[in-house]
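*Asks:* Mind folding the following:
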Amino acid sequence: MQPLTSSVSKTVYLDHNATTPLRPEVREAMANAFDCFGNPSSVHRFGRAARALVEDAREAVASLINADPSEILFTSGGTEAAAVALHQLPADALPLASRIEHPAVRDNFPPERQAAVTWLPAGADGAIDLDRLADVLANDTSSRPVFLALMLANNESGVIQPVVAARTMLEESGRHHLIFTDAVQAVGKIPVDVRTLGIDYLSLSAHKIGGPKGVGALYVRADAPFRSLWRGGGQERRMRPGTENVLGIVGLGAAARAVVAQQAQESRRLARLREKMEKALKAIRPDLVILGERAPRVPNTTLFAVPGTKAEVLVMRFDLAGIAVSTGAACSSGRTEPSHVVAAMTDDPAIREAAVRVSLGWSTTEEDITRFLAVAGDILVPSRATSPALP
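*Replies:* This next block holds a predicted model:
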């Protein structure tokens, strides 16, 4: 079966928040590791060779977020990392989370604690309401600890969340606390430093940064409490049993090294492309709304809406023209209800049902944006269309 890009001319991929193409250096590193078949737990030379690859990748991931290698736990991806982090919720803690968390977080609190979670709203700018957090802390007169789940960057709007400000509020409250941050959509787009954030747990995923699918990592602060979600072996310091996915881990490590080397320049380039794109979109449709526009955002993400349109129809029309964009989180594909993120940002049903996400990445070019804007002109202004409309 031929790849889609070889059978459809002028295709443009602008859904990097869903997944990213494999970076060339990642492909090369994984290809070189195919013949390293030993079990990393074996003591002979084949096992030691595999172990060396795993530990080299661990160092690369640690460097990416300014952690110690001993604080990095390899997982099958961001969802597993989130589930393991939420498993650390103390039995007596007050669980807090933002309403705009990814389903990997929203749906992974222990079932017996779901009803106890206080969901913190976001404002129209897409950022968590810190006043609401202050009210919750003030109104809870117990001395019980607090467990906060707060993402670093939203997967749909790209809005950066005030994790440090929230942590400061918890510190000033005098309450013992633990913080888990889903950084899946932040790593690779903005600098992520676990020491600066001052958090206890952080999740990331390889395929969001040009690595392979099926592998991720969880940062666990050295002295943070930890209970394994699994049993069955001594791998990953008995924190995550099961033979390591050596090839996937090698790919994650290579992607981490590429991000460290290229992120600053890449972020500036993507920010320039996004600025050009957003300015042109507003010129095409002056009534177009960019959600979270005035808030700090990762440099690659635009969530826009044209009142009176349907997001699903727009996405189909873009796809027929060879442009890949999204209605929101890929993990929620097939949904019929409005995005919970967009719903948190606006009460306007015309905006809620029209939101389309465009997300750039390492492979996005100036020509891609030019092509997208040409197609957008046809789709968003039907009178300008040079191709037949949808039936």
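
*Asks:* So what's the residue count around the residue lying closest to Ile190 once chain neighbours are set aside?
*Replies:* In this structure, Ile190 finds its nearest non-sequential neighbour in Val298, 5.7 Å apart by CB to CB, 6 or more residues apart in numbering. All C-beta atoms are positioned from the backbone trio N, CA, C, and that covers glycine. Neighbour count for Val298, taken as other CB atoms under 10 Å: 25.

*Asks:* Return the distance of Val298 relative to Arg272.
*Replies:* According to CB to CB, to the nearest Å, Val298 stands 14 Å off from Arg272.

*Asks:* And for Asp368?
*Replies:* Note on Asp368: its distance to Arg272, by CB to CB, is 13 Å.

*Asks:* neighbour count winner among the two?
*Replies:* Set Asp368 next to Arg272 and count neighbours by other CB under 10 Å: Asp368 wins out with 20 against 13.

*Asks:* Excluding chain neighbours, what is closest to the more buried one?
*Replies:* Excluding its sequence neighbours, the residue lying closest to Asp368 (CB to CB, 6+ apart) is Val12, at 4.6 Å.

*Asks:* if I look at the one you found, how far off is Leu314?
*Replies:* According to CB to CB, Val12 and Leu314 sit 15 Å apart.

*Asks:* Got the phi and psi for the closest residue to Gly308 other than its chain neighbours?
*Replies:* With sequence-adjacent residues excluded and distances taken as CB to CB, 6+ apart, Gly308 is closest to Ala350, at 6.3 Å. Torsion angles at Ala350 (phi, psi; degrees, to the nearest 10) stand at phi -70, psi -30.

*Asks:* What is the burial count for Ala350?
*Replies:* Ala350 has 13 nearby residues by other CB under 10 Å.

*Asks:* and if you look at the one 3 residues further on?
*Replies:* Around Glu353 there are 19 other residues, counting by other CB under 10 Å.

*Asks:* which residues does it contact?
*Replies:* Glu353 makes contacts with Lys310, Ala311, Pro338, as judged by CB atoms under 8 Å, 6 or more residues apart in numbering.

*Asks:* mind running it again at 6 Å?
*Replies:* By CB atoms under 6 Å, 6 or more residues apart in numbering, the residues touching Glu353 are Lys310.

*Asks:* Now it: phi and psi?
*Replies:* phi -90, psi 0.

*Asks:* With Ala82 instead?
*Replies:* With angles defined as degrees, to the nearest 10, Ala82 sits at phi -60, psi -40.

*Asks:* Tell me the pLDDT of it.
*Replies:* pLDDT for Ala82: 97.

*Asks:* Asp182 versus that one, what's the distance?
*Replies:* Taking CB to CB as the measure, Ala82 falls 6 Å from Asp182.

*Asks:* what is in contact with the two at once?
*Replies:* Residues touching both Ala82 and Asp182 (CB under 6 Å, 6+ apart) are Val105, Ser203.
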